[in-house]
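>>> Fold the following for me, if possible:
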Amino acid sequence: MLPTLADVLRLDAVRRGEPRIVAGADHLDARVRWVHSAEVTDIAHLLRGGELVLTTGIALPDDPQRLRAYVADLAEVGVSGLFVELGRKYARTLPDALVAAAEEHGLPLIAWARETPFVDVTEAVHARIIDAQLAELRASEKLHEVFTQLSVDGAPPAEVVRQVAGLVGRPVVLENLAHQVLAAELAGSDPAELLTGWETRSRSVRPKERTAYDESSRWLVTVVGARGEDWGRLIITSMDPPSPRDVVLIERAATTLALGRLLDRHAESLERQAHGSIISGILAHAYADPQEAAARARALGIPLTGRRLLGIVVLPRPPAPSTPPPALGLANGGPAAASVTDLAEATAAACREANLSALVGALDESSPQARVGVLASLPSRAAEDDVLCEVAQRLRAHHCGPAPAGRARTAAGRPAQARGGAEAFVMAVGSTVESVRDVRRSFLEAEQVADVAAGRNDGRLFYRLPDLRLRGLLHLLREDARLQTFTERELGPLLTYDAQRGSDLVHVLGVYLGSGRNKVLAAQRAHLSRPALYERLRRIERVLGADLEDVESCASLHVALLALDALRKDRT
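Got it, this is the predicted structure:
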């Protein structure tokens, strides 16, 4: 940044002349762009503004009117200051007319009491100016490196906003065209103070240019978008009048955000990212104060205070283990399997259509077990089951196509038939909580329910922990050494047999017991002829020393298989 006149007055080359400010003392913050020495009175037309004019005054007129005109011309072109060396024309003081004119026009006028080599002053000031310009170049280079790397890395909007806040040391907010906060970096400020009533305050700030500073709000605002499609605004708050570097910074950041959106056409929407960021922050204890999460959610139009909150997990249902996965589409032969991103968008649309206020975002996208998290916010009198059924049915319509006609629903979340789209996803619901502080507990329960329910296919629209029955119990007990010992005792010989010979007897046993010991149905599901199935069942009996016609033995083996399934899922 260019030095101010106050900076120049502190230079040794200037101080040696014993400078004395005789006018314009309240304008020492003027920036000095260059130094120009001149001993003529018609110099103004050669200047461009920002110059520091040095003179001995030897050519200045004696006429007070001409002195005032000389000062007025300098002030009109934007000169930063006028230094006059005493001793040549003026012995001890400057003319009253010169001082009065400078004061009137707000032009700093400094008198040097001692002879001062103008070349020393010029060299010292120009060195400062060049240093400042080099610093600006280095800063611009750093901005270029930072935002180029962010573009190359495909950084999410939240990371871009964080980098901007770190560079300016001020709170930074990215909002959409509806003035909802998509990402915010608070830079140490109070989240409630910054985000409460954000939409109302933001709507009142309407600059006429794409990048502009609003003095009333102290916001530096730029529009974000490309190819004529604007989709948001980037705002630096609590800012003094910005420097050119600040303007370059915010415009470069906006370009990075716009470019990222153009390049990543298949990524989730910014709204989903913003929602997912808040949910992940709650689950990871990223907010020291739960009210910060509530303030961020409120800025997105989702109230969390004074409401009943539900943690919900939605994930695509995996293909049934007894059937090979199709080349395309879901395990049930439905439409092509969508990504978790698509499922998140479909879930958000279903919540909107069901009039359910909710944060919806993908969780753990980098993991093979990626899933969608929903933080539902219900009014105190809402009927939970009705709302959840409505969301699930609308989600099935979005994600899997229309459901068959005549499908009824029950209070337990079960449709009258379990076909088609109902098998495409699993919707798991945690317990209802009353505050943001307890939301994590609800989500953890929903995660457990989802892990177990993913292996079921009974047509329910959604699952809670009581719906899982024996599978739920075994899932909760999966880390108990006694359950592990029981499983090994019941199935250990068969597991060893399969491992040594590469056979599939454990799988065949599971299909047989899962078919209610109906051998005809089991043969169909295992893709085996009936004689082949009978032979494998006899081999299972020999390896385990068990009677598969005995109901109690079969029940024990079935429980062990369910426990094994819970243990294996826990390891993945």
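>>> State the pLDDT value of the spatially closest residue to residue 285 that is not a sequence neighbour.
Once flanking residues are discounted, residue 285 sits nearest to residue 440: 7.5 Å by C-beta to C-beta, 6 or more residues apart in numbering. No exception for glycine: its C-beta is placed from N, CA and C like everyone else's. What the model reports for residue 440 is a pLDDT of 92.
>>> neighbours around residue 440, how many?
By other C-beta atoms under 10 Å, 18 other residues sit near residue 440.
>>> Following the lowest-mean-pLDDT helix or strand in the chain in sequence, what is the next regular element?
Here the helix or strand of the chain ranked lowest by mean pLDDT, DSSP states H and E is helix 469-476, holding a mean of 74. Using DSSP states H and E, the helix or strand that follows helix 469-476 towards the C-terminus is helix 481-501.
>>> do you know how far the nearest residue in space to residue 4 that is not next to it in sequence is from residue 192?
Spatial nearest neighbour of residue 4, excluding adjacent residues (C-beta to C-beta, 6+ apart): residue 29 at 5.1 Å. Distance of residue 29 to residue 192, computed by C-beta to C-beta, to the nearest Å: 35 Å.
>>> got it, and residue 115?
Residue 115 is 62 Å from residue 192, by C-beta to C-beta.
>>> same question, residue 233
22 Å.
>>> now swap in residue 427 and tell me
33 Å.
>>> So for these two, which residue has more residues nearby?
Neighbour comparison, residue 427 and residue 192: the larger count goes to residue 427, with 27 against 13 (by other C-beta under 10 Å).
>>> Over to the more buried one: give its phi and psi.
Main-chain dihedrals, residue 427, degrees, to the nearest 10: phi -120, psi 110.
>>> Not counting sequence-adjacent ones, nearest residue to it?
In space, and not counting its chain neighbours, residue 427 is closest to residue 462: 4.1 Å by C-beta to C-beta, 6+ apart.
>>> residues in contact with the one you found?
312, 388-389, 392, 413, 427-429 (C-beta atoms under 8 Å, 6 or more residues apart in numbering).
>>> same thing but 10 Å
For residue 462, the contact set (C-beta atoms under 10 Å, 6 or more residues apart in numbering) comprises 312, 314, 385, 388-389, 391-392, 395, 412-414, 425-429, 446, 449, 453.
>>> Likewise for residue 21?
Neighbouring residues of residue 21 by C-beta under 10 Å, 6+ apart: 5-6, 9, 27-28, 81, 108-111.
>>> picking that back up, just confirm the residue nearest to residue 285 contacts residue 431, I think it does.
No: if you go by C-beta atoms under 10 Å, residue 440 and residue 431 don't touch, sitting 11.7 Å apart.
>>> Please identify the helix or strand for the residue nearest to residue 285.
In this structure, residue 440 sits in helix 439-453 according to DSSP H and E.
>>> Just the buried positions in that helix, please.
In terms of neighbour count (16 or more other C-beta atoms under 10 Å), helix 439-453 has its buried residues at 439-440, 442-443, 445-453.
>>> what touches both of residue 440 and residue 431?
Common contact partners of residue 440 and residue 431 (C-beta under 10 Å, 6+ apart): residue 311.
>>> still on that earlier bit, can you report phi and psi for the residue nearest to residue 4?
phi -90, psi 0.
>>> what's the answer for the one 5 residues further on, then?
In this entry, residue 34 is assigned phi and psi values of phi -160, psi 170 (degrees, to the nearest 10).
>>> what does the model give it for pLDDT?
Residue 34 carries a pLDDT value of 92.
>>> same check, this time on the one 5 residues further on
According to the per-residue confidence, residue 39 scores 91 in pLDDT.
>>> On the three-state scheme, it is what?
Counting by DSSP: H, G, I helix; E, B strand; the rest coil, the backbone at residue 39 sits in coil.
>>> Is it in contact with residue 84, as I believe?
No: counting by C-beta under 10 Å, residue 39 does not reach residue 84; the two are 11.1 Å apart.
>>> How about the contacts made by residue 440?
Shown in contact with residue 440 (C-beta under 10 Å, 6+ apart): 279, 282-285, 290, 311, 430, 433.
>>> and those, which are buried?
Buried among those (16+ other C-beta under 10 Å): 279, 282-283, 290, 311, 430, 433.
>>> Spatially, which two of the residues you listed are the most separated?
Using C-beta to C-beta, the two most remote members of these are 290 and 430, lying 16.7 Å apart.
>>> Tell me where the stretch 51-200 of the chain has strands.
With strands called from DSSP state E, counting those that start in this stretch, the stretch 51-200 of the chain shows them at 51-55, 81-85, 109-112, 172-176, 181-185.
>>> As a markdown table, the ones you listed with mean neighbour count, distance to residue 131 and mean pLDDT would be great.
Below are the strands of the stretch 51-200 of the chain laid out as a markdown table (neighbours: other C-beta atoms under 10 Å; distance: least, C-beta to C-beta, whole Å; pLDDT from 0 to 100):
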| stretch | mean neighbour count | distance to residue 131 | mean pLDDT |
| --- | --- | --- | --- |
| strand 51-55 | 22 | 16 | 95 |
| strand 81-85 | 24 | 20 | 96 |
| strand 109-112 | 23 | 22 | 95 |
| strand 172-176 | 23 | 29 | 93 |
| strand 181-185 | 25 | 31 | 92 |
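>>> quick one on the thing from earlier: distance of the residue nearest to residue 285 relative to residue 494?
40 Å.
>>> swap in residue 154?
Here residue 154 is placed at a distance of 48 Å from residue 494 (C-beta to C-beta).
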